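Engineer: I would like the atomic coordinates for the input below:
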Amino acid sequence: MTIQVSTSSLFSIPRNAVVDLQSQIAKAETEVSTGQLADPAESLGSQLGLDETLQAQSANLGNIQSSNAIVQSSLSASQEALTQIASDAQTFENAIVTAQSSGDVSTLPAQAQSLLSSLTSSLNTTSGGAYVFGGTNSTVKPIADYSQGPQAATAAAFQTAFGMSQSSPQVNTISAASMQTFLTGAFANLFQGASWSTNWSQASSTRTSALISPANVVTTSVTANESAFQDLANAYTSIADLAIGNLGATTQQAVLSNALSEAGAAQQGITGLQTTLGISQSQITNSNSQMQTQASLIDNWVTKLGGVDSYQAASTLTNLTTQLETAYSLTDRISKLSLVNYLTA
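Structural biologist: From the prediction side, this is the model:
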């Protein structure tokens with residue numbers, strides 16, 4: 001029996017081989033350039049699920065570390081602000097002690113006003129576009145400037161308590177006892193609860209938190225509503241806006257003593273806040289170190305599962321390229337076959 005083979009049939013054989021070789025070369029090139037299997041599903045078989053799980057775990061650890069970098073930046077900004085606030089408070093306490101000894105309060109109101117402005121600026125610190133002392137309400141400026149609400153509230157409370165404004169010539173008649181009652185009552189209330197939220201702060205009292213490792217959540221902020229800041233605002237305002245320069249000597253001393261007490265309480269509170277954030281910073285650093293170690297182990301495992309031998313991959317690519325060139329050559333030779341060539345051979 002005679003078997004007939006057409007020229008077109010012969011031509012299709014190397015052409016099909018070319019397509020197959022091109023596909024294999026594409027995979028080989030991927031493996032050479034990435035060091036990973038081009039088709040894990042085909043190569044790993046039953047271990048594909050394990051490979052995907054490990055890669056997901058590695059990606060999750062990487063995402064948490066990236067998030068931690070943002071949190072660390074915010075914590076650093078908070079700590080810098082707290083350091084400035086504490087330094088200002090200490091300066092203020094020193095100035096009060098000096099005034100108590102000398103009886104000269106002439107420079108205190110302007111200093112207190114400047115420090116109050118500095119406190120406001122510090123509590124409105126931002127990091128990455130968020131207000132670090134805003135609590136969970138981090139998109140809104142936490143503390144209002146004194147002239148935008150708190151000043152009017154202070155004036156109203158003073159007028160109600162004494163029947164006169166701070167600028168009245170009669171303020172020198174206010175007794176130390178009356179002033180003390182005001183300072184611990186209506187005036188103190190301005191820096192607490194609803195009055196604080198209405199006149200001073202738009203911050204949330206809820207501190208933010210973050211997942212800093214797969215199993216660890218820490219506090220990542222303190223808010224402008226912390227009692228330490230309220231105490232310090234109280235101290236500054238009492239010296240800046242209660243007409244201390246025109247009060248009688250004993251009444252002045254009452255105001256100074258109250259301000260010193262409030263500033264001292266604020267200092268203790270600020271130290272506690274710094275400690276809280278410092279612990280979080282330390283925990284994040286430790287978590288990042290542990291996750292880096294875990295990620296390295298996982299990545300090594302993934303490499304063993306889905307990695308390729310670079311030398312072998314390059315050798316395979318070279319062999320496939322040689323085969324492709326051979327297929328091209330054979331295709332060219334077959335394409336030139338014809339009956340005329342056969343008859344004239």
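Engineer: Next, count neighbours for Ala177.
Structural biologist: By the criterion of other CB atoms under 10 Å, Ala177 has 11 neighbours. Using the backbone N, CA and C atoms, a C-beta is placed for each residue, glycine as well.
Engineer: what's the answer for Gln65, then?
Structural biologist: So Gln65, with other CB under 10 Å, has 17 neighbours.
Engineer: Pull the contacting residues for it.
Structural biologist: Gln65 makes contact with Asn288, Met291, Gln292, Ala295, according to CB atoms under 8 Å, 6 or more residues apart in numbering.
Engineer: Any chance of those in JSON lines with pLDDT, secondary structure and distance to Ala233 as columns?
Structural biologist: JSON lines is the format used below for the contacts of Gln65 (pLDDT from 0 to 100; DSSP: H, G, I helix; E, B strand; the rest coil; distance: CB to CB, whole Å):
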{"residue": "Asn288", "pLDDT": "84", "secondary structure": "helix", "distance to Ala233": "36"}
{"residue": "Met291", "pLDDT": "78", "secondary structure": "helix", "distance to Ala233": "40"}
{"residue": "Gln292", "pLDDT": "82", "secondary structure": "helix", "distance to Ala233": "42"}
{"residue": "Ala295", "pLDDT": "71", "secondary structure": "helix", "distance to Ala233": "45"}
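Engineer: Farthest-apart pair in those residues, please.
Structural biologist: Spanning the widest gap among the contacts of Gln65 are Asn288 and Ala295, at 10.1 Å by CB to CB.
Engineer: And the strands in the stretch 151-300 of the chain?
Structural biologist: 209-213, 216-219 (DSSP state E, counting those that start in this stretch).
Engineer: if you compare these, which one is most tucked away?
Structural biologist: Comparing the strands of the stretch 151-300 of the chain by mean neighbour count (mean count of other CB atoms under 10 Å), strand 209-213 comes out on top with a mean of 18.
Engineer: C-alpha coordinates for that strand, CSV please?
Structural biologist: Provided in CSV are the C-alpha atoms of strand 209-213 (Å, rounded to 0.1, in the frame of the first residue of the first chain):
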residue,chain,number,x,y,z
SER,A,209,-5.6,51.8,67.9
ALA,A,210,-4.0,49.6,65.2
LEU,A,211,-3.2,46.0,64.5
ILE,A,212,0.6,46.0,64.6
SER,A,213,1.1,42.2,64.1
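Engineer: Just give the strands next to that strand in its sheet, each with its orientation.
Structural biologist: strand 216-219 (antiparallel) (DSSP bridges).
Engineer: Please list the outside residues in contact with the strand it pairs with.
Structural biologist: 207-212, 276-277, 279-280, 283-284, 287.
Engineer: From these, pick the one nearest Thr107.
Structural biologist: Nearest to Thr107 among the contacts of strand 216-219, with distances taken as CB to CB, is Leu277, at 33.6 Å.
Engineer: Let me know the pLDDT of the closest one.
Structural biologist: pLDDT for Leu277: 97.
Engineer: next one: Ala157
Structural biologist: 98.
Engineer: How about the contacts made by it?
Structural biologist: Ala157 neighbours (CB under 8 Å, 6+ apart): Phe182, Ala186, Phe187, Asn189, Leu190.
Engineer: and the gap between it and Pro150?
Structural biologist: Separation of Ala157 from Pro150 (CB to CB, to the nearest Å): 11 Å.
Engineer: Hmm, Ala235 and Phe191 touching each other?
Structural biologist: No - counting by CB atoms under 8 Å, Phe191 does not reach Ala235; the two are 9.5 Å apart.
Engineer: okay, these two: which has more neighbours?
Structural biologist: Neighbour tally, Phe191 and Ala235, criterion other CB under 10 Å: the higher count belongs to Ala235, 29 against 24.
Engineer: count of neighbours near the residue lying closest to that one once chain neighbours are set aside?
Structural biologist: Nearest in space to Ala235, with sequence neighbours left out and distances taken as CB to CB, 6 or more residues apart in numbering, is Glu262 at 3.9 Å. Applying other CB under 10 Å, we find 24 other residues in the vicinity of Glu262.
Engineer: ok, now Gly193?
Structural biologist: 11.
Engineer: what does Asn199 give?
Structural biologist: The number of residues packed near Asn199 is 19, by other CB under 10 Å.
Engineer: what's the answer for Val97, then?
Structural biologist: Count around Val97 with other CB under 10 Å applied: 12.
Engineer: Over to Asn286?
Structural biologist: Asn286 - counted by other CB under 10 Å - has 13 other residues nearby.
Engineer: who's in contact with it?
Structural biologist: So Asn286 contacts nothing (CB under 8 Å, 6+ apart).
Engineer: so where's the stretch 201-345 of the chain uncertain?
Structural biologist: Regions of the stretch 201-345 of the chain meeting the criterion pLDDT under 70 cover residues 299, 301-317, 319-345.
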